[in-house]
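Chemist: please find the sequence and the predicted model below.
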Amino acid sequence: MRIRLSTRLILLIVTLQMLMLFLLVWNSSRLTTDSHIEMYEDMLQSESHLLSKALVPGLVYNDTVVLQDVFSQFAEFDKLIYAEVKERQGRIIARLGAPPADMVADINYKSALVDGVFDIEMPLYFEDQVLGSLRLGYSLSAAKTLIQKTRFQNLLTALLGMAITLSATLLIALYFTRNLRQLEEGAKALSQDQLDYRIVSNSKGEIGELASTFNHLAQHLSETKIALTKEHDALERETRFMQALLDGIDAVVMEARPPGYQFTFVSREAQNLMGYPVSDWLKPDFWANHVSPADKSWLEETISVHTKKGESFTVDFRMTHRQGHDLWVRAINSVELDEEKSPIMRGLILDITEQKTAEDRIVYLAEHDSLTGLINRRRFQKELERATSYSQRYQQQGAVLFIDLDQFKYVNDTYGHQYGDEYLLDVSRRLSQVLRRTDILGRLGGDEFGVVIPKCGFEEAHTVGITLLSALTQENLEHGGKIVPVSASIGIALFPSQSAVPSDLLAKADAAMYTAKRKGRGQVHIFSDDDMELWNMQAKIHWEERIRWALKDKRFELYYQPVVQVRSGLITHYEALLRMRDEDDKMITPSAFIETAERFGLIRQIDQWVVNEAIKIQAKSIKQHKPVSLAINLSGRHFGNVSMLKFIQEAIQTYGADPQSLMFEVTETEAVENLSKAREFIDALREIGCKFALDDFGIGFSSFHYLRNLPVDYIKIDGSFVRNLHVDSDDRLFVKAIVDLARGLKIPCVAEFVENSHIVEVLLELGVELGQGYHISKPKPEFIDGQIVDIL
């Protein structure tokens, strides 16, 4: 059992006082006893001297009667037990009582206590001569009685003093320790979280001040606890919210230190991402052991560069899942310095595997023919460019073959599109079986195929052409019991001897193929200059003169096609489309003359006319209180050109057009040819309020990295992927991938070539916001009266 503080204090004081009183009484008793003994010894000494003086006369005269008489007088004192006088020779002359035979004189009181008799022996003198001796025995009983009485009185006095002292001490201690007990109880109450406990004290001294200080402390602790409780509750709510937020984010929130990613914190999503528990992520070697070896070296260097500069960065790389397959992740990092000035990265890690797969699929679809799986025209041109560069570098010959099926239109019209597709598949299979692994086969369009043959001379190229033609014609196709022959015309151009420019080579191979058809079809022909002249005459007669005439005679016009919200039909803006009115007042589309305009340097004048006219029309619509927004096409030749930028800015200022109602469209190919220049051009016009759209999106776009780095406001999905959207699953997959990626970048999509209601339904299903095409409205020379078009 724990003794209270006040009790311990009282016991301590009482014990000390009792000890001191005991010592005091003991010392007093000792001093009194010693004093009595000393007085008793002095008295006996005096009495024995007096007795010896009284005995001398009787001893001198040898008068025993006198001696006995003296003894008789002293015998009245009860303390004298015996007395004996001897003469010098030792004879006893007088005696009182019976002295012990072995009597030994006592030195002091203590030695006399042995037998209770104080024995004294002393000589008797007369005129300095020894006459005899005197032996006396005094009883100690009287002295003992006196000493005992004295001790008893001292004890009573001590007990009374102790009682008084104890009572006073208890009263004083209880008075003072009462406040201490209150303080002790208060301290216990505080330790038990009873913060409303207060000490009631009327004392105005130190104890009162201490009690007041205690109460202030308790009040402060109570207020602090309330504040801390509120703060704790707020922090708990915030923690729960943040945890719910972190758990709800489909990304890993992380903190890491270089080199690489030495994770110091990851959210719970980390386990869902990689299959490893969070504790594994925090191990020092986790990242090094799970990053793809192919990415580790360059990634460490990238991290090092950015962390040293202290700049934020985003990086894509691969990590190995617990089940063994690779994941593509994107790390979005902000770099800060900790207290020790060491770099620390904080940010997100996202799973972009599906996005990368979609991008790869998009790249594949953008570079391959959806029917045959062969590379398409754009990819074929890239491969041809690579082959021509190689041939020039190593001074080797090569050939490009242009194959056109002779009867395909007849087959397609007679037996239907499904059989036409089977026909094309069989042709691509036959061509693939004959060619070498190093040869490149592609479908250039409809019924046209191309072949690049590296390390091939004139004769070998002709032999390959004959071999391909033989593979196509040696076996007919059968459909519904009918025999369908396969025939083709093949044109060949050699590189680099005839040209090292891919577009020229294809044009020459096309011209050679045209010559082969003129010879009766089913022929192989190698290009000659005569073929080109004939081809040029057939394809582009007088276009230069016609363009110059149209510019001079103001034969160019703008037609307007609305772009609408697919779901509501609300018109958001119009695209300004160029038309040329010919000699017979028929409208000619740009596809017929733009290439010639670029070749003869007339495209600049056309671009300036289109931009000037469109800006003037937009300004006019404002003045007529019927403002419209216009999208204007820019050619690649002048996109990014400083003089064109200045021309646009001056036209806007001159006519008073609204820049926010002007949008400029440029094809993706033209935008990425000079990315930095394109970005500067776009930024300059966006700064004054203009918008930008990326046109013909999806044709050969090899990486969405460019899209992330071009500040465009719209993506226009190329019509070749839209016109068959309701019947072609590959096109649907391609468009869905574009829409998903664009949505992630918060860029709305415009679908071109919306030609029927079935396409509209698919667009709604895929989440395409905007549409444009003949089903909505054909291009017209005037704007639509109203703001909504019925498109369903």
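Modeler: It's in.
Chemist: what bits of the stretch 251-400 of the chain have low per-residue confidence?
Modeler: Within the stretch 251-400 of the chain, no stretch has pLDDT under 70.
Chemist: tell me which stretches of it form helices.
Modeler: Taking DSSP state H, counting those that start in this stretch as the criterion, the stretch 251-400 of the chain contains helices spanning 269-274, 278-281, 286-290, 293-309, 353-367, 377-394.
Chemist: out of the ones you listed, nearest to L50?
Modeler: Distance to L50, taken as CB to CB, is lowest for helix 278-281 among these, at 111.7 Å. Backbone N, C-alpha and C define where each C-beta goes, glycine included.
Chemist: run the chain-centre distance for that closest one.
Modeler: The chain centre lies 14 Å from the centre of helix 278-281; the measure is CA atoms, centre = their mean, to the nearest Å.
Chemist: going forward, count from 45.
Modeler: Will do, 45 is the new start, and the previous item becomes helix 322-325.
Chemist: got the buried residues for it?
Modeler: 324-325 (16 or more other CB atoms under 10 Å).
Chemist: kindly export it (C-alpha atoms) in CSV.
Modeler: Taking Å, rounded to 0.1, in the frame of the first residue of the first chain, the C-alpha atoms of helix 322-325 are listed here in CSV:
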residue,chain,number,x,y,z
VAL,A,322,4.0,-1.7,-50.9
SER,A,323,6.8,-3.0,-48.6
ASP,A,324,8.6,-4.4,-51.6
TRP,A,325,8.5,-1.1,-53.4
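Chemist: most tightly surrounded among the helices of the stretch 295-444 of the chain?
Modeler: Per residue and on average, the most neighbours among those fall to helix 313-318, with a mean of 20 (mean count of other CB atoms under 10 Å).
Chemist: by contact count, what packs against that one?
Modeler: Helix 313-318 sits against strand 296-301, helix 322-325, strand 370-381, strand 387-395, with contacts defined as 3 or more CB pairs under 8 Å, 6 or more residues apart in numbering; DSSP states H and E.
Chemist: got the angle between the last one and strand 296-301?
Modeler: Regarding strand 387-395 and strand 296-301, their directions subtend 150 degrees when assessed with axes from the mean of the first three to the mean of the last three CA atoms, to 10 degrees.
Chemist: mind listing what the residue sitting nearest the centre point of the chain touches?
Modeler: Centroid-nearest residue in the chain, with CA atoms, centre = their mean: M298, separated by 3.1 Å. With contact taken as CB atoms under 8 Å, 6 or more residues apart in numbering, M298 is in contact with 305, 307, 309-311, 314, 375, 389-393.
Chemist: pLDDT weak spots in the stretch 695-836 of the chain?
Modeler: Using pLDDT under 70, the flagged stretches of the stretch 695-836 of the chain are 712-719, 743-750, 752.
Chemist: and the strands in it?
Modeler: 706-711, 735-741, 758-761, 793-795, 814-815 (DSSP state E, counting those that start in this stretch).
Chemist: can I get the helices of the stretch 295-444 of the chain in JSON lines with distance to E267?
Modeler: What follows is the helices of the stretch 295-444 of the chain, written out as JSON lines (distance: least, CB to CB, whole Å):
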{"stretch": "helix 313-318", "distance to E267": "41"}
{"stretch": "helix 322-325", "distance to E267": "39"}
{"stretch": "helix 330-334", "distance to E267": "47"}
{"stretch": "helix 337-353", "distance to E267": "46"}
{"stretch": "helix 397-411", "distance to E267": "55"}
{"stretch": "helix 421-438", "distance to E267": "75"}
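Chemist: how much space between S348 and E380?
Modeler: From S348 over to E380 the distance is 16 Å, taken as CB to CB, to the nearest Å.
Chemist: now K780
Modeler: 39 Å.
Chemist: ok, the two, which is more surrounded?
Modeler: The neighbour comparison of K780 against E380 (other CB atoms under 10 Å) goes to K780, with 17 against 13.
Chemist: tabulate the strands of the stretch 695-836 of the chain (TSV), appending distance to I527 and mean neighbour count.
Modeler: Formatted as TSV, the strands of the stretch 695-836 of the chain follow (distance: least, CB to CB, whole Å; neighbours: other CB atoms under 10 Å):
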stretch	distance to I527	mean neighbour count
strand 706-711	45	23
strand 735-741	41	23
strand 758-761	42	25
strand 793-795	42	27
strand 814-815	45	26
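Chemist: which stretch among those comes nearest L415?
Modeler: Per CB to CB, nearest to L415 of the strands of the stretch 695-836 of the chain: strand 758-761, 19.7 Å.
Chemist: packing partners of that closest one?
Modeler: For strand 758-761, the packing partners by 3+ CB pairs under 8 Å, 6+ apart are strand 735-741, helix 773-788, strand 793-795.
Chemist: from the middle of its chain, how far away would it be?
Modeler: 34 Å.
Chemist: direction included, what does that strand pair against?
Modeler: strand 735-741 (parallel), strand 793-795 (parallel) (DSSP bridges).
Chemist: if we look at the shortest one, which residues are touching it?
Modeler: So the one you mean is strand 793-795. With CB under 8 Å, 6+ apart as the criterion, strand 793-795 contacts 607, 610, 737, 758-761, 766, 769, 779, 782-783, 786, 803, 807, 812-817.
Chemist: export the helices and strands packed on strand 758-761 as JSON lines, with columns for distance to S821.
Modeler: Listed next are those as JSON lines, based on distance: least, CB to CB, whole Å:
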{"stretch": "strand 735-741", "distance to S821": "18"}
{"stretch": "helix 773-788", "distance to S821": "21"}
{"stretch": "strand 793-795", "distance to S821": "14"}
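Chemist: still on that earlier bit, distance to D86 added to the helices and strands packed on helix 313-318, as JSON lines?
Modeler: As requested, these are exported to JSON lines (distance: least, CB to CB, whole Å):
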{"stretch": "strand 296-301", "distance to D86": "102"}
{"stretch": "helix 322-325", "distance to D86": "100"}
{"stretch": "strand 370-381", "distance to D86": "101"}
{"stretch": "strand 387-395", "distance to D86": "101"}
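Chemist: domains in the protein, by residue range?
Modeler: What automatic domain parsing lists as the domains of the chain is 49-205, 293-395, 416-582, 587-815.
Chemist: need the distance between the two termini of the last one.
Modeler: With CA to CA, to the nearest Å as the measure, the ends of domain 587-815 fall 33 Å from one another.
Chemist: and D370, how many neighbours?
Modeler: 15.
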